Every structure is written in structure tokens, then in C-alpha cells.
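Colleague: Here's a sequence, model it:
(one chain, ligands or ions: 1)
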Amino acid sequence: MRPLPSDAMDPARGKRLDIGHFGLRDADMPPHEAGAWDPRALFACPSNPLEIEIGSGKGTFLCQQAAIQPESNFLGIEWTADFWRSTADRLRRNKLEHVRILLTDAGDLFRHRLADRIAHVVHIYFSDPWPKGRHHKRRVVQTDTLTHFHRVLAPGGELRLVTDHAALWQWYERHAEMHATLFERRPFIPPTSARPGEVVGTNYERKFTRDGRTFNAMTLVRREVQPTPRLQSSPPTWKSFSRHPDSSPT
Ligand SMILES: C[S@@+](CC[C@H](N)C(=O)[O-])C[C@H]1O[C@@H](n2cnc3c(N)ncnc32)[C@H](O)[C@@H]1O
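Modeller: The predicted structure is shown next:
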């Protein structure tokens, strides 16, 4: 694995990026042998509710929502090193001490590391649609990840999904139906940081709105069912710090 520098140039702003203590890597988690990981311990107020965003991209939602919701902690998960680094730099510049961004594969993290019942919300906004049939297994929402979202969510916790992609929306609808014993489907209510007319107000939503695209959204509320799946005990195969086929690690 190549060493990942903690700072790098941002070509758009011509400035040096500094992740400070906001950007976390796999090595910042306790070793796998230490058991399930509870990221709430990262924060000054660990008893505050935890919200997790999968695929934070440039960190627009994290920054906007965390700025007006200081009574919660936020953990972003992003596997593209350039996005991770610029989001960490953005969190540092905005002094958002109750937010961290972790460079890793969210699927592996939920399957192998996260403790039970720790998160109030899991946000997944404009996830990569992987349109080709042979790539569907790369979609973040799968039967097994849904069982782990259910396990990691606290009672009454929410999985919030938004997409512009028709086939991915059908996939979400089908999975919500297949797993109706785990989650109750409810309408999506925009977060308080969304601007008028926005569904959630991420970078991709703003770009797609300019392209005239429309969006679909749902909230899946965790039902109390027994038994919940167990954390998968086999050690994850942490192949690299950045597993997206198109990502550039340094
Ligand atoms: C289409 S972008 C959307 C970014 C942001 N949510 C937005 O709406 O602007 C999807 C993001 O998810 C990240 N991503 C996709 N699969 C992931 C995974 N398994 N683990 C972590 N990040 C992932 C990608 O690197 C990318 O930054």
C-alpha cells in the first residue's frame, strides 16, 4: 500500500489541503481483533446521536447539516481519496469538531466493523448506480448491507435514500419491499439544511438539477425484529485505502 500523505494540493483552489484530525483512515480504527468498533468514542460528546453518511463526495451535505445540527455527531464514509481529502480539509476550515470523514469501503465497514445499535440515521445520497447487470453487486444497497444497516441503526433509526437514477430507484423499491420486515417505508422529509425546492441539497443534486433531472427519495425506518444479524467475524480484506476503480489515491 502506498503511503497516503495527509496534505496535498487542491488544483481547483490552488491551495494545500490539510485533513487535520478530521480525515480518518483504516489505520485509525482499533485493530479488528479488538472487536466491533463504536465510532461515537471519536467525539467530545459521545452520547450525542450519531449520523453516518455513505459516499459523502465533496462533503456538501455533511458540512451544511452539521453546521446547523451541533447536537449530533456525524461520520462520513468515502472511498475516493481525493474527495475524502477535500472533505476533511473543508471540515477543518469550518471547525466542525463533531464531524469526521473516514476513507474506506462502506460495505466492508458495516459488514465487519461497526457495533450494533449505534447510529440514528444512515444517509445515502446519489449513490453510484452501477447500471450494468454485472456491476449490480457493487451497489451500496444489497440484501446483506440492509441487514447490517438494520443491525447498526438504533431502535427507530432511519435509512435515508435519494437518487436521480430510475433503475437504482427500482432497485431501492424492490429491496424495501423484500425487506419490509426490517424496515417500514415512509416518505422522505428534506433535512433542515436543504434549500427551498431541494430534496437534500448535495453537490450531485445541484449539478443534476441544472441538467433538469428529477429525483426520488424514501426513508426506511428500522423495525424492531429478532434476531439481528451478527457482525461477520472474518477479518475484512482491506485491499487498499481507495477501492473505487476510478479513484486516484494520492
Ligand atoms: C455519485 S457520488 C455522490 C456524492 C454525494 N453524496 C453527492 O450527492 O454529491 C457517490 C460517492 O459515493 C462514493 N462511494 C461509492 N461507493 C462507496 C463505498 N462502497 N464506500 C465509500 N464510498 C463510496 C463515491 O466515491 C462517490 O464519492
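Colleague: all contacts plus neighbour counts: C-alpha atoms, from now on.
Modeller: Fine.
Colleague: where exactly do the helices run in the protein?
Modeller: 60-68, 81-93, 106-112, 143-152, 166-178, 203-210 (DSSP state H).
Colleague: So for Arg134, which of these sits nearest?
Modeller: Proximity to Arg134 (C-alpha to C-alpha) singles out helix 166-178 among the helices of the chain, at 14.0 Å.
Colleague: Centre of the chain to the closest one, how far?
Modeller: 19 Å (C-alpha atoms, centre = their mean, to the nearest Å).
Colleague: do you know which of the helices of the chain lies nearest Leu17?
Modeller: helix 81-93 (5.6 Å).
Colleague: Packing partners of the closest one?
Modeller: strand 15-18, strand 23-25, strand 99-103 (3 or more C-alpha pairs under 8 Å, 6 or more residues apart in numbering; DSSP states H and E).
Colleague: ok so, going back, most tightly packed of the helices of the chain?
Modeller: helix 81-93 (a mean of 24; mean count of other C-alpha atoms under 10 Å).
Colleague: Excluding covalently adjacent residues, which one is nearest to the residue in the chain positioned nearest to the ligand?
Modeller: Per C-alpha to the nearest ligand atom, Gly55 is where the chain lies closest to the ligand, at 3.2 Å. Take Gly55 and drop its neighbours on the chain: the residue closest to it by C-alpha to C-alpha, 6 or more residues apart in numbering is Glu78, 4.8 Å away.
Colleague: residue ranges with poor pLDDT in the chain?
Modeller: For the chain, the stretches with pLDDT under 70 are 1-7, 9-14, 226-228, 233-250.
Colleague: switch to 50 and redo it
Modeller: 1-3, 238-250 (pLDDT under 50).
Colleague: Around the ligand, which positions in it sit nearby?
Modeller: 54-57, 77-80, 104-107, 125-128, 140, 202-205 (C-alpha under 6 Å from any ligand atom).
Colleague: Mind doing that once more with 8 Å?
Modeller: Taking C-alpha under 8 Å from any ligand atom as the contact definition, the chain meets the ligand at 53-61, 77-80, 83, 103-108, 124-129, 138-140, 201-205, 244, 247.
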